[in-house]
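Student: Please work out how this folds:
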Amino acid sequence: MDKKTKIEVGILLFNDADVLDFTGPFEVFAMAEKNSKKLFNVSTIGETGDLLTACNGFKVEPTHNFVHHPKLDILIIPGGYGAEEVEVKNNTVLKWIKKQYENVVILASVCTGAILLAECNFLDSKKATTHWMFIDELKERYPKVNVVQNQKFVDEGKIITAAGISAGINMSLHIIKRIFDIEVAKTTAKRIEYDIDNQQLQNKTR
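Tutor: Now for the predicted structure:
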């Protein structure tokens, strides 16, 4: 990633996605600055670009569709019922995620978005996490994944997985720290009034 220009972050959207799974990371990356300069362009991407209904009736319209969107550096995959029960069977979505994997520097999931990554075989022989309610399900459905729990996120280099819902904020701040430095991450956390300590920003890797 070229830190001289804004880094492109794309967030996948679909029906019945958990709202904080995608709005949390959106806010973190959108608010990140250094020397009063925005560091990221953040966009939302849906299969068709049509209006979607996330969990609890939250209406959201993606800014882009699968055909027309910026070249991404980072892709965030949220979770929710739509991930573990619907999109996991959607070959168009899975094919698009696989295509993005070839180009992005970081492919990250929040909550049960990990199931979509596992379905694409990206988590085979890797450590990964998800919402605590779905830890056992991830283990059972994808035995090649080394599923861990009681961690906000797991960083395996190109692949990062976060636990449930609000953990996507921790993961996003970690990504900022990884790309820039801990001071940028801490300043961003302060801007959004999110309490976080240095331990929460440590790498969770192999």
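Student: hey, let's count contacts and neighbours off CA atoms from now on
Tutor: OK.
Student: can you tell me which helix or strand the spatially most central residue of the chain belongs to?
Tutor: For the chain, residue 76 is the residue whose C-alpha lies nearest the centre (CA atoms, centre = their mean; 2.9 Å). Using DSSP states H and E, residue 76 sits within strand 74-77.
Student: Parallel or antiparallel, list what pairs with that strand.
Tutor: When pairing is defined by DSSP bridges, strand 74-77 lines up against strand 7-12 (parallel), strand 106-110 (parallel).
Student: May I see those organised as JSON lines, with mean pLDDT and distance to residue 94 added?
Tutor: Shown next, in JSON lines, are the strands paired with strand 74-77 (pLDDT from 0 to 100; distance: least, CA to CA, whole Å):
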{"stretch": "strand 7-12", "mean pLDDT": "98", "distance to residue 94": "11"}
{"stretch": "strand 106-110", "mean pLDDT": "98", "distance to residue 94": "13"}
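Student: Which among those is found nearest to residue 188?
Tutor: Closest approach to residue 188 among these (CA to CA): strand 7-12, 15.7 Å.
Student: relative to strand 106-110, how tilted is the very next helix or strand once past that closest one?
Tutor: Next in sequence after strand 7-12, counting helices and strands by DSSP H and E, comes helix 19-31. Interaxial angle, helix 19-31 versus strand 106-110 (axes from the mean of the first three to the mean of the last three CA atoms, to 10 degrees): 140 degrees.
Student: Just the CA coordinates for helix 19-31, please, in CSV.
Tutor: This file holds the C-alpha atoms of helix 19-31, laid out as CSV (Å, rounded to 0.1, in the frame of the first residue of the first chain):
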residue,chain,number,x,y,z
VAL,A,19,-25.0,-3.3,11.4
LEU,A,20,-22.0,-2.6,13.8
ASP,A,21,-20.0,-5.2,11.9
PHE,A,22,-19.8,-2.7,9.0
THR,A,23,-20.5,0.7,10.5
GLY,A,24,-17.8,0.2,13.2
PRO,A,25,-14.9,-0.3,10.7
PHE,A,26,-16.4,2.3,8.4
GLU,A,27,-16.3,4.9,11.1
VAL,A,28,-12.8,4.0,12.3
PHE,A,29,-11.2,4.2,8.8
ALA,A,30,-13.2,7.2,7.8
MET,A,31,-12.0,9.1,10.9
